[in-house]
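Visitor: Would you be able to build a 3D model of this:
(one chain, ligands or ions: 2)
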Amino acid sequence: TGGFSQDGPQLHNPYRDDPILDKALRRLLPQKSYEKVAQDLNRFGDRITQEIDNLGRRADLEPPKLEQQNAWGKRVDHLQVCPEWYRLKEICAEEGVISIGYDENSDAFERRIHQVAKLFLFSPASGLVSCPMAMTDGAVKTLTSLKLYGKNRLATEAIDRLRERDPKKAWTSGQWMTEKKGGSDVAGGCDTYATHIEGDTYKLHGYKWFSSAVDADVALTLARVVDTDGNSVEGTRGLSLFLLKLRDDEGNLNGIQMVRLKNKLGTKQLPTGELLLDGVIAERIGEPGRGVAGISNMLNITRIHNAVASIGYMRRIISLARDYSTKRVVFGQVQAKWPLHTSTIAKMEVETRGCMLLLLESARLLGLSEANKSTPTELSLLRLITPIVKLYAGKQAVPLVSEGIECFGGQGYMEDTGLPGILRDAQVTPIWEGTTNVLSLDVLRVFSGKDNVLLDFAKRIEELLGKQAKSQKLQESSKKIREALKELQVLLVKASDSALNSSARIDNV
Ligand code: MFK
Ligand code: FAD
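Guide: Ligands and ions are numbered 1, 2, ... in the order given. Presented below is the predicted three-dimensional model:
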């Protein structure tokens, strides 16, 4: 008695194991691109099961520490991160997880679709190195959108190094927006001030309340410029965007004090710190007073990465649960033979597939826009889909991963299976990069703009339906969808007015 031991779930090559990714890529990419991308993802999938997943797990088990003072009382702010974290960052450079997205030799469709698919495989195995990768990608996007290449020395070096494939030269970036008074309301909460030194160089003083991956080389941040009389402008219009290096060439921190690391529910692998900016030398990038609009370039990229992470967690838990269901015997037969269990997994599968297809559509639209090949419709759809895919996938990830954990019974609750960590990490995806409600307001911001976004969306549905079949019934459906969306557009514009000026009161709720 007591000699039985249950076989645990096995991680398979996540590319070959995914029921729709390969099919979707075949549909989205021209044949030649498809073959190149599929070969890379297939190889990378093997590297994940053989090497990367173990590194990610080690990072999970060895969270970072901050040594503020050395034994002699000297302030050192030494961040200790496990060797696996650094190895994972090197692998990201080698594998080109950022550079693929900017590869001008690839087809416009291919770049971002390839990158997003690769990040999707990497994310749940990444020990949260996916987080600095998201911010690094967002920084490249912001610096290139502001057309700083060749114009600003630090920005030019950053653009090259943030998408570098040589791990010895590659940099990563942080994104310091949130302050104690506000994370959603960045402009209302920002108490960081910038005093001019010369040219575009300023000195920053302030306190950044949440700063993830503080082992970064550079960061983008927001601050209010103070004029020579000591005055600054309140609100959004007062915020400018800055680029800074965290350390000088000798490794000394650039006027930054690491006050403490956050004690978090999950994402424990990731060093998230509170930073005191005490005379940080930084370069103002973009026009003065256009900081929020400037950093929105970063937000729109990191929001797509956030959707990648959310759907990555969903896919990971489903594939482990599916594998386990062929091994665990309950009431005389394997779980997989019980219809109710299969139906539970099927519901999770449908949700995940839907999210995945929306994510790939956002990657397709992003790649097109960056290659200057978008129609106006495609541009407005990209703007609309980005907050939607972030908010929807982030929101779904938590209950879906929770359901997935239940598929393992009591073992799903056991730390040494590695399963509970997936749920804890998934819980951050609806919060950071804009909470669900704040992103819902961003969707309304899009609707209240001038574009007829919903009609554009209807056109895209018609296009897709038209590709699938020319039947009378489908054409009628697409006409109905178009009419319904027209009405919805009117309602949404009204809704956005009332959401922004609502008289709802918490004591009536
Ligand atoms: C693992 C993968 C994920 C990795 C995650 C990385 C680690 C986590 C890092 C973070 O969490 S970083 C912090 C993220 N913080 C947020 O996401 C903040 C959420 N709040 C918002 O997004 C608010 O909507 C916002 C701060 C933008 C509101 O600020 P304001 O000052 O009320 O903005 P306003 O006045 O509406 O807009 C200012 C300009 O920005 C406008 O342009 P114009 O001046 O030209 O009209 C807007 O159109 C523009 N804008 C705002 N959001 C935009 C945008 N433009 C394009 N895209 C957007 N999303
Ligand atoms: P609040 O803005 O106070 O929001 C509280 C609640 O109010 C939310 O439910 C929100 O939806 C709601 N709310 C706010 N405004 C509205 C509105 N107008 N209408 C309706 N509801 C509203 N930030 C960084 O800048 N850089 C980082 O690297 C970083 N890393 C992070 C890492 C972790 C692990 C976590 C948890 C957070 C990190 N953040 C980072 C901060 C994160 O982006 C913010 O916590 C987030 O944007 C929410 O801001 P807040 O915490 O100030 O919440």
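
Visitor: The longest helix seen in the chain near ligand 1 at all?
Guide: Taking DSSP state H as the assignment, the helix of the chain that covers the most residues is helix 291-325. Yes: contact of helix 291-325 with ligand 1 (Cβ under 6 Å from any ligand atom) involves 292-293, 296, 299-300, 302, 305-306, 309. In this view, the C-beta of every residue, glycine as well, is placed from N, C-alpha and C.

Visitor: Filter those down to the buried ones, ChimeraX style.
Guide: Buried members of the residues of helix 291-325 next to ligand 1 can be picked out in ChimeraX with the line below, counting by 16 or more other Cβ atoms under 10 Å:
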select :292,299,300,302,305,306,309
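
Visitor: Please produce JSON lines containing the residues of helix 291-325 next to ligand 1, extended by pLDDT and distance to Leu222.
Guide: Supplementary listing: the residues of helix 291-325 next to ligand 1 in JSON lines, determined by pLDDT from 0 to 100; distance: Cβ to Cβ, whole Å:
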{"residue": "Val292", "pLDDT": "97", "distance to Leu222": "7"}
{"residue": "Ala293", "pLDDT": "97", "distance to Leu222": "11"}
{"residue": "Ser296", "pLDDT": "97", "distance to Leu222": "11"}
{"residue": "Leu299", "pLDDT": "98", "distance to Leu222": "12"}
{"residue": "Asn300", "pLDDT": "98", "distance to Leu222": "16"}
{"residue": "Thr302", "pLDDT": "98", "distance to Leu222": "15"}
{"residue": "His305", "pLDDT": "98", "distance to Leu222": "20"}
{"residue": "Asn306", "pLDDT": "98", "distance to Leu222": "19"}
{"residue": "Ala309", "pLDDT": "98", "distance to Leu222": "24"}
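
Visitor: you'd agree Leu485 is up against Asn452?
Guide: No: distance between Leu485 and Asn452: 9.5 Å, which falls outside the contact criterion (Cβ atoms under 8 Å).

Visitor: Same drill for the two, tell me which one is more crowded.
Guide: Set side by side, Leu485 and Asn452 show more neighbours around Leu485, with 19 against 16, by other Cβ atoms under 10 Å.

Visitor: what about that one, which helix or strand?
Guide: Taking DSSP states H and E as the definition, Leu485 sits inside helix 472-500.

Visitor: Just read off the phi/psi values of Glu90.
Guide: phi -60, psi -40 (degrees, to the nearest 10).

Visitor: er, Glu283 I mean
Guide: Main-chain dihedrals, Glu283, degrees, to the nearest 10: phi -100, psi 130.

Visitor: give me the number of residues near it?
Guide: Under the neighbour criterion other Cβ under 10 Å, Glu283 is assigned a count of 20.

Visitor: for whichever residue of the chain sits closest to ligand 2, what are its contacts?
Guide: Using Cβ to the nearest ligand atom, the closest approach of the chain to ligand 2 is made by Gly183 at 2.2 Å. With contact taken as Cβ atoms under 8 Å, 6 or more residues apart in numbering, Gly183 is in contact with 177, 189, 209-210.

Visitor: Can you tell me how far Val81 is from ligand 1?
Guide: 16 Å (Cβ to the nearest ligand atom, to the nearest Å).

Visitor: Which pLDDT value does the model give that residue?
Guide: Looking at Val81, its pLDDT is 96.

Visitor: how far away is it from Arg75?
Guide: As for Val81, its distance to Arg75 is 19 Å (criterion: Cβ to Cβ, to the nearest Å).

Visitor: Kindly report the same for Asp227.
Guide: With the distance defined as Cβ to Cβ, Asp227 ends up 32 Å from Arg75.

Visitor: repeat for Tyr34
Guide: Using Cβ to Cβ, one obtains 54 Å as the distance from Tyr34 to Arg75.

Visitor: So which of the two has more stuff around it?
Guide: Here Tyr34 and Arg75 are compared on neighbour count by other Cβ under 10 Å; more neighbours surround Tyr34, at 18 against 11.

Visitor: quick one: pLDDT of that one?
Guide: As predicted, Tyr34 sits at a pLDDT of 96.

Visitor: before we move on, what about the one 3 residues further on?
Guide: Turning to Val37, the model gives it a pLDDT of 97.

Visitor: Quick check: the gap between the spatially closest residue to it that is not a sequence neighbour and Gln6.
Guide: In space, not counting the residues next to it along the chain, Val37 is nearest to His114; the distance is 4.7 Å by Cβ to Cβ, 6 or more residues apart in numbering. Here His114 is placed at a distance of 38 Å from Gln6 (Cβ to Cβ).

Visitor: Neighbour count for these two, which is higher?
Guide: Neighbours per residue, other Cβ under 10 Å: of His114 and Gln6, the larger number sits with His114, 27 against 11.

Visitor: OK, contacts around the more buried one?
Guide: If you count contacts by Cβ under 8 Å, 6+ apart, His114 has them with 33, 37, 40, 100, 106.

Visitor: Tell me, how many residues neighbour Asn437?
Guide: Quick note: Asn437 (other Cβ under 10 Å) scores 12 neighbours.

Visitor: Okay, helices next: where are they in the stretch 1-150 of the chain?
Guide: 14-17, 21-28, 31-47, 53-61, 83-95, 108-122, 130-145 (DSSP state H, counting those that start in this stretch).

Visitor: Would you format those as JSON lines with distance to Thr436 included?
Guide: Written out in JSON lines, the entries for the helices of the stretch 1-150 of the chain read as follows (distance: least, Cβ to Cβ, whole Å):
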{"stretch": "helix 14-17", "distance to Thr436": "27"}
{"stretch": "helix 21-28", "distance to Thr436": "26"}
{"stretch": "helix 31-47", "distance to Thr436": "30"}
{"stretch": "helix 53-61", "distance to Thr436": "26"}
{"stretch": "helix 83-95", "distance to Thr436": "28"}
{"stretch": "helix 108-122", "distance to Thr436": "21"}
{"stretch": "helix 130-145", "distance to Thr436": "18"}
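
Visitor: what residues are up against the closest residue in space to Asn42 that isn't next to it in sequence?
Guide: When the adjacent residues along the chain are set aside, Asn42 lies closest to Tyr15, with 5.4 Å between them (Cβ to Cβ, 6+ apart). Applying Cβ under 8 Å, 6+ apart, one finds that Tyr15 lies in contact with 21-22, 38, 41-42, 44-45, 121.

Visitor: ok, now with 7 Å
Guide: Residues near Tyr15 by Cβ atoms under 7 Å, 6 or more residues apart in numbering: 21, 41-42, 45, 121.

Visitor: are any of those buried, and which?
Guide: The neighbour-count test (16+ other Cβ under 10 Å) applied to those identifies 21, 41, 45, 121 as buried.

Visitor: Quick check: the farthest pair among these?
Guide: The widest separation within these, taken as Cβ to Cβ, falls between Leu21 and Gly45 and amounts to 9.8 Å.

Visitor: one step back: and the contacts of Gly183, which is closest to Leu222?
Guide: Checking those against Leu222 with Cβ to Cβ, the nearest one is Met177 at 6.0 Å.

Visitor: Could I get the phi/psi values of that closest one?
Guide: Met177 adopts backbone torsions of phi -120, psi -40, taken as degrees, to the nearest 10.

Visitor: Quick check: chain neighbours aside, which residue is closest to it?
Guide: With Cβ to Cβ, 6+ apart, the residue lying closest to Met177 is Val186, at 5.2 Å.

Visitor: what's the answer for Tyr102, then?
Guide: With Cβ to Cβ, 6+ apart as the criterion, Tyr102 has its nearest non-adjacent residue at 5.3 Å, and that residue is Arg163.

Visitor: is it true that the one you found touches Asp103?
Guide: No: with contacts counted by Cβ atoms under 7 Å, Arg163 stays clear of Asp103, the gap being 9.0 Å.

Visitor: Neighbour count: the two, which is higher?
Guide: Arg163 (23 against 14).
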